[in-house]
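In: Starting from these lines, generate the structure:
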Amino acid sequence: MLRAGVRANDFLVAESPAMRAVVADVARYADGGAPVLICGEHGTGRELVARVLHQQGPRGGGRFVAVRPSFEGTDVAGAPGDDACARAKLALRAARGGTLLVKDMSDLSGPSQKTLRRAIRDDGAAVQVVATGDLDLERAVDAKILSRELYDLFAARCIVVPPLRDRGDDLPALFERWVKHYSREIGRGAQAVSARAHARLAAYPWPGNVGELKSIARRLVVRVARAKIEAGDVDEVLPVVASRVPLEDLAFEEMVAAKLAGLLARIDGYPVHDLYDKVVARVERPLFGLVLAHTGGNQLKAASILGLNRNTLRKKLAGLGMEQRRASRSDRALDGE
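Out: Reported below is the predicted structural model:
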């Protein structure tokens, strides 16, 4: 969330095609009218887009009230009895003449969904309601977690905010704006970012999106006292991730090694005494399953392909919980018994 006095539009970088599409949608829906849905992964800046939508519309002079799915928020007074529906009414009243942002709409309780739907229907002209959600809201509707009636009120005006990994053209300007912002906050002069530092940032996949970018920018501003942030500074704060290589380009041994490296990193510090058996079981289970599927369940043929004695195969299948039902006489005949 941006601090008071900071304009959201200053941080909406749109040099990439994906973000230019977002800016176009914001301009299209910033009319202060019907509800708007802003979808995307967590950390992509959905609330930032909602604030820009508010600032660009006719309600920009009114209040922007952001609430969680329980309708609790800093701008909403407490409701007696911890009643979410009462809080919903208070939130709508607080945002009257402005914009109400409801975060993560699929987490709204059933009664709160009804209250919000009724308010939009009966008093929609008083407040523009904006909601955020992930990209699986249709599934939430199918699972009856989110009501179809409420979802349909928002779905026609949907803005999809792309993940940071899909907007590489925005990364340099976005990072430098946050570095400048945090430098000002601590009373330090503007810091430059070297080309090699930008290259390090561009190579990182940003699983936490813009939220993670902001955190990295803040850490670097605090740690680096020099006038320029260098590649080595970035290396010290960026998490180490495995380089992404297409699966088809990896040898089988490389795929196994990559998996085992991740496993060893996760179990570091934990007492483990049966790693060999666990790894062998993880390899044998899919191997046996695929070979048996290839032979139509014929264990004699499967054992031959695997280079195992049939009794050995049966024991291994039993040990892995993969034993099959006792074959009938005709089945055994087909197996060659």
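In: tell me which element residue 100 is part of?
Out: strand 99-102 (DSSP states H and E).
In: list the helices and strands that strand packs on?
Out: helix 46-56, strand 64-67, helix 84-94, strand 128-133 (3 or more CB pairs under 8 Å, 6 or more residues apart in numbering; DSSP states H and E). Quick note: C-beta positions are derived from backbone N, CA and C, even for glycine.
In: so what strands line up beside that strand?
Out: Note on strand 99-102: by DSSP bridges, its sheet partners are strand 64-67 (parallel), strand 128-133 (parallel).
In: Just the CA trace of it, in CSV.
Out: Presented in CSV, the C-alpha positions along strand 99-102 are these (Å, rounded to 0.1, in the frame of the first residue of the first chain):
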residue,chain,number,x,y,z
THR,A,99,-14.4,4.0,-4.5
LEU,A,100,-14.7,0.9,-2.4
LEU,A,101,-12.0,-1.8,-3.1
VAL,A,102,-12.8,-5.3,-1.9
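In: buried stuff in whichever helix or strand comes after that strand?
Out: Counting by DSSP H and E, the next helix or strand C-terminal to strand 99-102 is helix 110-123. Neighbour-count burial for helix 110-123 flags 112-117, 119-120 (criterion: 16 or more other CB atoms under 10 Å).
In: Output these in JSON lines; the columns should cover pLDDT and distance to residue 218.
Out: Compiled in JSON lines, those are given as follows (pLDDT from 0 to 100; distance: CB to CB, whole Å):
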{"residue": "112", "pLDDT": "87", "distance to residue 218": "34"}
{"residue": "113", "pLDDT": "90", "distance to residue 218": "36"}
{"residue": "114", "pLDDT": "89", "distance to residue 218": "41"}
{"residue": "115", "pLDDT": "87", "distance to residue 218": "38"}
{"residue": "116", "pLDDT": "89", "distance to residue 218": "35"}
{"residue": "117", "pLDDT": "89", "distance to residue 218": "39"}
{"residue": "119", "pLDDT": "84", "distance to residue 218": "38"}
{"residue": "120", "pLDDT": "86", "distance to residue 218": "37"}
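In: what kind of secondary structure is the residue nearest to residue 155 when sequence neighbours are not counted in?
Out: Distance criterion CB to CB, 6 or more residues apart in numbering; nearest residue to residue 155, sequence neighbours excluded, is residue 37 at 6.4 Å. State at residue 37, reduced to three classes by DSSP: H, G, I helix; E, B strand; the rest coil: strand.
In: is residue 37 in a bridge, and if so with what?
Out: With DSSP bridges as the criterion, residue 37 is bridged to residue 131, residue 158.
In: how many neighbours does it have?
Out: Neighbour count for residue 37, taken as other CB atoms under 10 Å: 23.
In: Over to residue 192?
Out: 12.
In: Next, format the helices and strands packed on strand 99-102 as CSV and append mean pLDDT and mean neighbour count.
Out: Shown next, in CSV, are those (pLDDT from 0 to 100; neighbours: other CB atoms under 10 Å):
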stretch, mean pLDDT, mean neighbour count
helix 46-56, 94, 23
strand 64-67, 92, 22
helix 84-94, 82, 20
strand 128-133, 94, 26
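In: related to what we said a few turns ago, can I get the buried residues of helix 110-123 in CSV with distance to residue 136?
Out: Output for the buried residues of helix 110-123, formatted as CSV (distance: CB to CB, whole Å):
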residue, distance to residue 136
112, 20
113, 17
114, 22
115, 24
116, 20
117, 20
119, 25
120, 22
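In: What is the nearest of these to residue 292?
Out: When the buried residues of helix 110-123 are compared for distance to residue 292 (CB to CB), residue 113 wins out at 47.9 Å.
In: which stretches of the stretch 51-200 of the chain have low pLDDT?
Out: In the predicted model of the stretch 51-200 of the chain, residues 75, 77-82, 123-124 satisfy pLDDT under 70.
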